[in-house]
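Colleague: Generate coordinates for the sequence data below:
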Amino acid sequence: MSFGDPNNPYGPPPQQPPTAPPQGPPGYGYPQAPPTVPPQGYGYPQQPAYPGYPVGNMMQPTMPGLLTTARVFLFIISAVQILGALVWFYVAAFVSDVSDAADRYSTSSDDPFSSFSDGAGIASGVIVLFALIAAGLAALSIILGVKFSKGGQGVRITTVIYGALGGIVGLIALFAGLDSGLASAILFPLIWVVFAAIITAAPVVPSGTAWFARPRY
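Modeller: Numbering: from 1, shown residues only. Below you'll find the predicted structure:
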């Protein structure tokens with residue numbers, strides 16, 4: 001009788017395959033698996049990437065069309081004022097040269113050349129003052145136009161006052177042009193009055209008021 005026969009009742013019992021140990025709850029010494037978190041999808045509120053900045057993804061408001069037009073008009077007026085200041089400076093320099101030439105030809109204080117020289121000197125100083133005023137108004141026009149994007153109530157009120165004063169000056173020049181009857185004396189003041197009216201009205205209408213009163217971050 002052979003012990004190698006699997007049907008031999010006197011042989012060794014057949015070997016059983018090893019069984020896996022029973023699975024139990026992990027205890028001390030076993031790594032803990034991290035809990036699974038369901039991905040955020042439909043039905044889950046999305047958290048912002050930067051909680052401290054809730055308006056980071058909000059669209060920036062755009063400037064109303066009437067304010068944009070008033071801003072362009074301010075830049076155009078500033079260009080005219082700069083040209084006017086340059087012309088006034090040139091005229092003042094020319095009058096000053098004439099005054100110096102008359103002073104060279106004068107022989108005494110009673111000489112006509114001396115009186116002309118004094119008058120030309122005073123006129124030159126007044127013209128320089130006009131040139132400085134024009135240059136200052138040009139700078140104000142540029143500053144107001146630039147400040148439209150981020151300015152507040154101070155810029156709004158200054159623009160309204162500036163436009164109203166410009167409109168008054170334009171109306172005076174327009175009435176003077178109507179009395180003269182010259183087309184050129186009427187056209188330029190009329191354009192000036194229209195520009196001033198738009199500059200004055202743009203910050204006053206509801207869209208302009210809301211623009212200057214908007215929150216800034």
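
Colleague: in the helix or strand of the chain with the lowest mean pLDDT, what's buried?
Modeller: For the chain, using mean pLDDT, DSSP states H and E, the weakest element among its helices and strands is helix 112-147, scoring a mean of 85. Buried residues in helix 112-147, defined by neighbour count with 16 or more other C-beta atoms under 10 Å: 114, 116-117, 120-121, 123-124, 127-128, 130-131, 134-135, 137-138, 140-142, 144-145, 147. No exception for glycine: its C-beta is placed from N, CA and C like everyone else's.

Colleague: Any stretches of this structure with poor pLDDT?
Modeller: Where the chain drops to pLDDT under 70, the residues are 1-60, 102-118, 217.

Colleague: any chance you could map the helices in it?
Modeller: Assigned by DSSP state H, the chain shows helices spanning 65-105, 112-147, 153-180, 183-201, 206-212.

Colleague: Show residues contacting the fourth one.
Modeller: Put plainly, it is helix 183-201. By C-beta atoms under 8 Å, 6 or more residues apart in numbering, the surrounding residues in contact with helix 183-201 are 66, 69-70, 73-74, 76-77, 159-160, 162-164, 166-167, 169-171, 173-174, 176-178.

Colleague: if I pick the residue nearest to residue 77 when sequence neighbours are not counted, what's in contact with it?
Modeller: Of all residues beyond its chain neighbours, the one nearest residue 77 is residue 141 (5.1 Å), with distances taken as C-beta to C-beta, 6 or more residues apart in numbering. Residue 141 sits next to 74, 75, 77, 78, 81, 162 when contact means C-beta under 8 Å, 6+ apart.

Colleague: give the contact list for the first one.
Modeller: The one in question is residue 74. Residues in contact with residue 74 (C-beta under 8 Å, 6+ apart) are 141, 142, 144, 145, 199.

Colleague: How about the third one?
Modeller: Applying C-beta under 8 Å, 6+ apart, we find residue 77 in contact with 141, 166, 195.
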